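# Need a 3D model of the sequence below.
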Amino acid sequence: AKATEVSERRPGVLVLGCDQTLSLGDKIFHKPADMEGARRHLLALSGKTHQLNSAAVLCRDGEVLWRHVGVVSLTMRKLDPAFIGRHLARVGAKALASVGAYQVEGEGIQLFEKIEGDYFTIVGLPLLPVLKELRALGAIDG
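Next up is the predicted model:
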């Protein structure tokens, strides 16, 4: 919706919008509000497989031209609650910047035992499908 609204205010401009959610079964996770929320996120994800869903949309003149949702499955290893506390103390406020309270591109990678899917989708933008569509639209050289 934000990308559509921005594209309405910028006639002729191609606008890329993206967002990410995390799901564990039927539960949807959002960015934790505080460190206690981050701790609860990691405790809930510990020893389980969850999905990161990274959505991207391209809009022009208020019209959606293309949309895509990339899905990645991540299996977190079983985490000791004391380790979670030490981990959060090390990473600090960075834990609040992501929907899962971790960043695989940093220290958070050690929380996992298995990852299935595209790295760029994990970090928040399904880049390869976006680039493919930008080439198809003639927006980038390819």
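
# The top strand by length along the chain: which residues count as buried?
Scanning the chain for the strand with the most residues, using DSSP state E, yields strand 63-76. Within strand 63-76, the residues scored as buried using 16 or more other Cβ atoms under 10 Å are 65, 66, 68, 70, 72, 74, 76. All C-beta spots, glycine's among them, are computed from the backbone N, C-alpha and C.

# what angle do the helix or strand hosting residue 56 and strand 63-76 make?
Residue 56 belongs to strand 49-60 when assigned by DSSP states H and E. Interaxial angle, strand 49-60 versus strand 63-76 (axes from the mean of the first three to the mean of the last three Cα atoms, to 10 degrees): 160 degrees.

# List the strands paired with strand 49-60, with their directions.
strand 15-24 (antiparallel), strand 63-76 (antiparallel) (DSSP bridges).

# Can I get the first one in CSV, CA atoms only?
To tie it back to what came earlier, the one meant is strand 15-24. Taking C-alpha atoms only, strand 15-24 is exported to CSV below (Å, rounded to 0.1, in the frame of the first residue of the first chain):
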residue,chain,number,x,y,z
VAL,A,15,8.5,2.5,-7.0
LEU,A,16,9.8,-0.6,-5.2
GLY,A,17,8.2,-1.5,-1.9
CYS,A,18,9.0,-4.4,0.4
ASP,A,19,8.2,-5.8,3.8
GLN,A,20,8.8,-9.0,5.7
THR,A,21,6.8,-11.2,8.2
LEU,A,22,7.8,-14.2,10.1
SER,A,23,5.4,-17.1,10.7
LEU,A,24,5.7,-20.1,13.1
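
# Beyond that strand, next helix or strand please.
strand 27-29.

# Direction included, what does that following strand pair against?
Counting by DSSP bridges, strand 27-29 is paired with strand 15-24 (antiparallel).

# Name the residues of the partner strand that are buried.
15, 16, 17, 18, 19, 20, 22, 24.

# Other residues contacting it?
Applying Cβ atoms under 8 Å, 6 or more residues apart in numbering, the contact partners of strand 15-24 are 2-4, 6-7, 28-30, 44-45, 48, 50-60, 99-100, 124-126, 130.

# one step back: possible to save the buried residues of strand 15-24 as a markdown table with distance to residue 39 and pLDDT?
Output for the buried residues of strand 15-24, formatted as a markdown table (distance: Cβ to Cβ, whole Å; pLDDT from 0 to 100):
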| residue | distance to residue 39 | pLDDT |
| --- | --- | --- |
| 15 | 36 | 98 |
| 16 | 33 | 98 |
| 17 | 31 | 97 |
| 18 | 27 | 95 |
| 19 | 24 | 93 |
| 20 | 20 | 93 |
| 22 | 16 | 96 |
| 24 | 16 | 97 |
